[in-house]
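Student: Could you work out the structure for the sequence below:
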Amino acid sequence: MQIDPIDLRLLALLQRDAAPSNQALAEAAGISPATAHRRVRRLREAGVIERTVAHLSPERLAAAGCPVLQALLEVT
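Tutor: The predicted structure follows:
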């Protein structure tokens, strides 16, 4: 699979925020919504985009009364 500058722009935008609407993503990338949709689908199908995840805020979870466990592992 070839990845061109437009694909790289889409990937950079999605790494910052994986949940924008297709319209917002297209506007930010300077392409049409149809092109954005088609390219993101192709990147997913090719395995370039493996999954979409949510980064949670431990501070806000703790403030809401949810227990938060953090672990630090050291290699010795």
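Student: For residue 14, see how far away residue 53 is.
Tutor: Noted for residue 53: a distance of 11 Å to residue 14, by CB to CB, to the nearest Å. C-beta coordinates here come from the backbone N, C-alpha and C atoms, glycine included.
Student: neighbour count winner among these two?
Tutor: Neighbour count, other CB atoms under 10 Å: between residue 53 and residue 14, residue 14 has more, with 17 against 7.
Student: doesn't residue 22 make contact with that one?
Tutor: No - using CB atoms under 8 Å as the test, residue 14 is too far from residue 22 to be in contact (11.3 Å).
Student: and for these two, which residues touch both?
Tutor: By the contact definition CB atoms under 8 Å, 6 or more residues apart in numbering, residue 14 and residue 22 are jointly contacted by residue 40.
Student: Spell out, range by range, the helices that occur in this protein.
Tutor: Assigned helices in the chain, in chain order: 5-16, 22-29, 33-45, 58-63 (criterion: DSSP state H).
Student: Now for residue 70: which residues touch it?
Tutor: By CB under 8 Å, 6+ apart, the neighbours of residue 70 are residue 58.
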